[in-house]
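Visitor: Below is the sequence, then the predicted model.
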Amino acid sequence: MSATTAPGTAIHREDVDVVGRRWRLGVGFIIVADASFVMAMLFSYRYLRGLNTESAWVPAGSATAPIWSSWVLAAGLVLSAVVFRWGEKGIRGGDSGRLVLGSALGVFLILLVSIGQVVQIAGFPFAIAASAYASTMYLLAGANLFHLLLTLFLGLAMWNRGRVGKYSATENWQVGIVSLWWAWVAVAAVLSAFTTSLIASPAVGG
Amino acid sequence: MSTLHTERVMGLPATGGGLMRRLNIVTAAGGGLVLGLVGWAIARHFMLENDFGPDQVTVITMVCWAIGFMAGIGAFNGPIGWLRGRDLSPEDELFLAGKDQGIRRYFRFTTDHKVVGIQYLVLTMVLFGVGGTMAMLIRTNLISPNSNFLSPQQYNAIVGLHGLIMIIATIIMVTGPFGNFIMPLMIGARDMAFPRLNALSLWLIVAVVPIFLSGAFLGGIPTGWVGYAPLADQAPPGMDAYMMTIIIFAISSAIAGANITTTVLTMRARGMTWNRTPIFVYGVVASVGLAIPAFPMFMASQVMLGLDRTMGAQFYIASGGGNPWLYANLFWLMGHPEVYVILIPAIAALMELTAVFSRKPLFSFNTAVLGIVGISVLSVMVWAHHMYASGWAPNLNGAFMLTTEMISIPTGMLFLVILGTIWRGRIWTRLPMMSTYAMLWNFIIGGITGLYLSDVPLDYALHGSMFVTAHFHYTLMGAGLTGAIGALAFWFPKMTGRMLNERFGFISFWLVQIGFNVTFMGMFAVGLAGQPRRVFTYNNLLATGNFVSTMGAYAIGIGMLLLLYAVISSWRHGVLAPSNPWGSKTLEWTVPNPIPLENFEVLPVVTSDAYGYGEEPFTPINEPDKLEPAYVGSAADEESIEGVRS
């Protein structure tokens, strides 16, 4: 390999946009990994539902979770992502107050959804050991709660860092990355709600 | 979240970071022990009194250990500081990079990719040491049909632990040390894209070592390394160690994968087009690229196993509507790509060095790339060939047989590239090149026996036998580990600043390779004769084959000890290495020994491909003891060499 040196090449310093693009790609890969994790859990739900082993996916006479609860939580998450996105657009235009407000509102909504998630788990009309359906419901709810806590951390950081003036119209790539993650978490919640809306197994007496 | 490169680093005042400067592996172990003990005490108090079993206590203790360890090493300092709006000062970043810390930087949350590479190298050697010792114990027990060297429980526990440790070690053996140390240099970068994530991925694996070793004292892993449900649901708490190990390792792999892939995609030197990017870089990216989606699925399977074991969930219990096939699918969706996560970078390293020692351009670079891509794509379409005998989707057996046999085509391409590179080359037979020869021999055997096993009727006959064990050792050890040893011999001068003692290296090579073939040829024989794998005892008719295998294993053990001696003695007292002892043309050889903190004072601009060998005369130096070090250092530089060496 032949190589020359380039006296004009900047050393020890990189453009903030370059760093931002790099982080966006890296976080994209992390999201791919997380998506693989989520898909594995959703696949498990569909697979066990489809097999209905020993007719015990949802044993006859046992209770199931209300479908609307997962959709309400997903809607809350989508709303929080939209609100944060509104804040992100604000900082892109140099309005740091909008970022702080958007982050604060987003965090508030995430807190509400987290509480709702805990309430949903506590209120499931079945124990985790009741059936494969019950087990996957707890699993997906737990995974959503984990997502929520991570997003809460990121949202708090955005609010605090926005408050102390860490971001501006020209330097806001971290906000964009958090927005990307937030959007993915909302998508995952919607996918989870959609999947768990399908309860009755198509296989009878499997 | 700024990196070392984002700001000019010199001459700025420090802004705190006092705690960060006091954290190291001792505080990490202390943090892990304290939090682990607290977790254990609380869990024991509340769980056992409320009719929970030991699994809950074990899992909580392990989680607390891991959190305490990572807190103690300083992994959470960055995120918490970031939350508080306190970014690291340039001086803090330099401290994190290990500047002026000598040997101490190897025991800290250091971000310099070269330090992380050395940490991975040492960690890999430790893992191989532990796993190899277990292999010796297994073979000693099998030296005769009823040796009773181990109890059946001990034997089961050790077989599972050996498998798990070796799988982890082989997964990280190339992408860990060489992907971290060499790859950024090779692409002309100053560091990895995300230096702190790089350190995080390393220390997560360090945190997990005590967890999986604790499995030996918690009843072992009686399921073998696959951890099949529902046996795993019923196994002793050692299985919790397995589960926690996989979960943490999967997180580490995802982080490392994102980091390495982003580094290659965004930080290659100017002019380093894809046609000029060295083949080793392709191998590393393919490996971690496969790991990014594959390991989270394995992680999900373990989370479900954990819920089964600790909370009575029903994922894998048929009577509760669960199904063990779910585990098998999730496991092998990771498990087969994982074989190529191990193999591809090892073979890519050998392709890299084969061009150097043949003094010829890599034969058909495009074929090599196509082969790597082809293997990567096909590797996610073959998982169910591990499940022919499980009864899952028998109608799909034919399809999976076809995809499995198809994977021999891109694999053959890689053989063709290596053979074509050697063909009529001016071969310079040094220790690294010996690994290429050994890999060609071993991988032919491992690959062809793999074709046998992909055949459905034959697989029904051989499934679960020692034949399978011999087959995958021929691929993972005969090709993968051999490739990693070749990579070590090749890049040792750049990583340590010293030449590897080739006399001991050659003795080790022959002992290991002869021992390896004796061990696993014997295993093929007893497998064909019907000996199942993972058995504590066997029929007297199989005694000779097992005795031969054990003798071969001892030869491997002695050979590996010699290699370890060669590595340690050369690292401490070896001849100082020139900056480019092999006359290689890739960028890592253009930096001096010891390598500056940021690698390149001025970033290189690449103007040709990496394999222009034979274009100008090169006089190889066949006697390493007479090598003149290109780098003649001052006393201060000697200290730096000491640091690298340590």
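Guide: Sure, I can see it.
Visitor: contacts, neighbours, all on C-alpha from now
Guide: Will do.
Visitor: give me every residue that touches A:Gly176.
Guide: With contact set as Cα atoms under 8 Å, 6 or more residues apart in numbering or on different chains, A:Gly176 has these partners: A:Glu88.
Visitor: If you could redo that for A:Ser201, that was the one I meant.
Guide: The neighbourhood of A:Ser201, defined by Cα under 8 Å, 6+ apart, consists of A:49-52, A:57.
Visitor: longest single helix anywhere in the chain?
Guide: Here I'm looking at chain A. Scanning chain A for the longest helix, with DSSP state H as the assignment, gives helix A:16-51.
Visitor: I was thinking of chain B, sorry if that wasn't clear
Guide: Once chain B is assigned using DSSP H, the helix that runs over the most residues is helix B:324-358.
Visitor: Show me what secondary structure element comes after that helix.
Guide: Beyond helix B:324-358 on the C-terminal side, the first helix or strand identified by DSSP states H and E is helix B:365-379.
Visitor: So which other helices or strands are in contact with that next one?
Guide: When contacts are defined as 3 or more Cα pairs under 8 Å, 6 or more residues apart in numbering or on different chains; DSSP states H and E, helix B:365-379 sits against helix B:279-311, helix B:324-358, helix B:397-406, helix B:408-422.
Visitor: Could I get those in a markdown table, plus columns for mean pLDDT?
Guide: Rendered in a markdown table, the data for the helices and strands packed on helix B:365-379 read as follows (pLDDT from 0 to 100):
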| stretch | mean pLDDT |
| --- | --- |
| helix B:279-311 | 96 |
| helix B:324-358 | 95 |
| helix B:397-406 | 95 |
| helix B:408-422 | 96 |
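Visitor: Of those, which is nearest chain A?
Guide: Each of these was scored for nearness to chain A using Cα to the nearest Cα, and the closest is helix B:279-311 (4.7 Å).
Visitor: Which strands and helices lie in contact with that closest one?
Guide: Helix B:279-311 sits against helix A:16-51, helix B:54-73, helix B:177-186, helix B:231-234, helix B:238-267, helix B:324-358, helix B:365-379, with contacts defined as 3+ Cα pairs under 8 Å, 6+ apart.
Visitor: Return the most buried member of those.
Guide: Neighbour counts (mean count of other Cα atoms under 10 Å in any protein chain shown) averaged over each of the helices and strands packed on helix B:279-311 peak at helix B:177-186, with a mean of 27.
Visitor: Determine the set of other helices and strands touching that one.
Guide: Of the remaining helices and strands, those touching helix B:177-186 by 3+ Cα pairs under 8 Å, 6+ apart are helix B:113-141, helix B:238-267, helix B:279-311, helix B:482-496.
Visitor: run the last query once more with 6 Å
Guide: Using 3 or more Cα pairs under 6 Å, 6 or more residues apart in numbering or on different chains; DSSP states H and E as the contact test, the elements touching helix B:177-186 are helix B:113-141.
Visitor: quick one: the helix it packs on to helix B:482-496, angle?
Guide: Compare the direction of helix B:113-141 with that of helix B:482-496 by axes from the mean of the first three to the mean of the last three Cα atoms, to 10 degrees and you get 140 degrees.
Visitor: tell me how far helix B:113-141 is from the chain's mean position?
Guide: Shown here is helix B:113-141, whose average C-alpha point lies 10 Å from the average C-alpha point of the whole chain (Cα atoms, centre = their mean, to the nearest Å).
Visitor: and what of stretch A:190-200?
Guide: 16 Å.
Visitor: Name the surrounding residues that touch that stretch.
Guide: Stretch A:190-200 has contacts (Cα atoms under 6 Å, 6 or more residues apart in numbering or on different chains) with A:67, A:70-71, A:74.
Visitor: Pull out the buried residues from the residues you listed.
Guide: In the contacts of stretch A:190-200, burial by neighbour count holds for A:70-71, A:74, counting by 16 or more other Cα atoms under 10 Å in any protein chain shown.
Visitor: Now flag whichever of those residues is closest to chain B.
Guide: Proximity of those to chain B, judged by Cα to the nearest Cα, is greatest for A:Ser70, which lies at 20.4 Å.
Visitor: And for that closest one, nearest residue in space, chain neighbours not counted?
Guide: Spatially, and ignoring its direct neighbours in sequence, A:Ser70 is nearest to A:Ala193 (5.1 Å; Cα to Cα, 6 or more residues apart in numbering or on different chains).
Visitor: And B:Asp308, by the same measure?
Guide: For B:Asp308, the closest residue by Cα to Cα, 6+ apart turns out to be B:Gln314, at 5.9 Å.
Visitor: how far away is the one you found from A:Ala129?
Guide: 6 Å (Cα to Cα, to the nearest Å).
Visitor: returning to what we had before: do the longest helix of chain B and chain A come into contact?
Guide: No. Contact check for helix B:324-358 against chain A, using Cα under 6 Å from any Cα of the partner chain: none in range, with a minimum separation of 6.8 Å.
Visitor: which helices and strands sit right next to that helix?
Guide: The contact analysis (3+ Cα pairs under 6 Å, 6+ apart) places helix B:324-358 against helix B:279-311, helix B:482-496.
Visitor: what's the neighbour count on the closest residue to chain A within the stretch 101-250 of chain B?
Guide: Evaluated by Cα to the nearest Cα, the stretch 101-250 of chain B has B:Ala193 as its residue closest to chain A, separated by 7.2 Å. For B:Ala193, the tally of surrounding residues (other Cα atoms under 10 Å in any protein chain shown) stands at 28.
Visitor: backbone phi and psi for it, please?
Guide: With angles defined as degrees, to the nearest 10, B:Ala193 sits at phi -60, psi -40.
Visitor: Setting the sequence-adjacent residues aside, check what's closest to it.
Guide: The shortest distance from B:Ala193 to any residue that is not its chain neighbour, by Cα to Cα, 6+ apart, is 4.8 Å, and that residue is B:Thr263.
Visitor: Check B:Leu343 too.
Guide: In space, B:Leu343 comes closest to B:Gly480 once its chain neighbours are excluded; the distance is 5.1 Å by Cα to Cα, 6+ apart.
Visitor: Now do the contacts for the residue nearest to the spatial centre of chain A.
Guide: Centroid-nearest residue in chain A: A:Val185, 1.5 Å away (criterion: Cα atoms, centre = their mean). Neighbouring residues of A:Val185 by Cα under 6 Å, 6+ apart: there are none.
Visitor: does it sit in a helix or strand, and which one?
Guide: helix A:173-197.
Visitor: What are the buried residues along that helix?
Guide: Going by neighbour count (16+ other Cα under 10 Å), the buried part of helix A:173-197 is A:173-193, A:195-196.
Visitor: pull the helix or strand with minimum mean pLDDT from chain B.
Guide: Of the helices and strands making up chain B, the lowest-confidence element is helix B:635-645, at a mean of 40, by mean pLDDT, DSSP states H and E.
Visitor: quick one: low-confidence ranges for the chain?
Guide: As the question left the chain open, I've gone with chain A. Along chain A, the model assigns pLDDT under 70 to residues A:1-13, A:204-206.
Visitor: wait, I meant chain B there
Guide: Per-residue confidence for chain B (pLDDT under 70) gives these ranges: B:1-17, B:50-51, B:615-646.
Visitor: do that again at 80, thanks
Guide: Chain B contains residues with pLDDT under 80 at B:1-18, B:47-52, B:614-646.
Visitor: Grab the most central residue of it for me.
Guide: Using Cα atoms, centre = their mean, the most central residue of chain B is B:Ile172, at 1.7 Å.
Visitor: Around the nearest residue to that one once chain neighbours are set aside, how many other residues sit close by?
Guide: Of all residues beyond its chain neighbours, the one nearest B:Ile172 is B:Thr124 (7.1 Å), with distances taken as Cα to Cα, 6+ apart. Summarising burial for B:Thr124: neighbours were counted as other Cα under 10 Å, giving 23.
Visitor: now the longest helix of chain A, how far from the centre of its chain.
Guide: Taking Cα atoms, centre = their mean, one finds the center of helix A:16-51 at 10 Å from the center of the full chain.
Visitor: what's the angle between it and helix B:279-311?
Guide: 50 degrees.
Visitor: Summarise which helices and strands the helix or strand where A:Gly87 lies is packed against.
Guide: Assigning secondary structure by DSSP H and E places A:Gly87 in helix A:67-92. In terms of contacts (3+ Cα pairs under 6 Å, 6+ apart), helix A:67-92 is packed against helix A:96-123, helix A:173-197.
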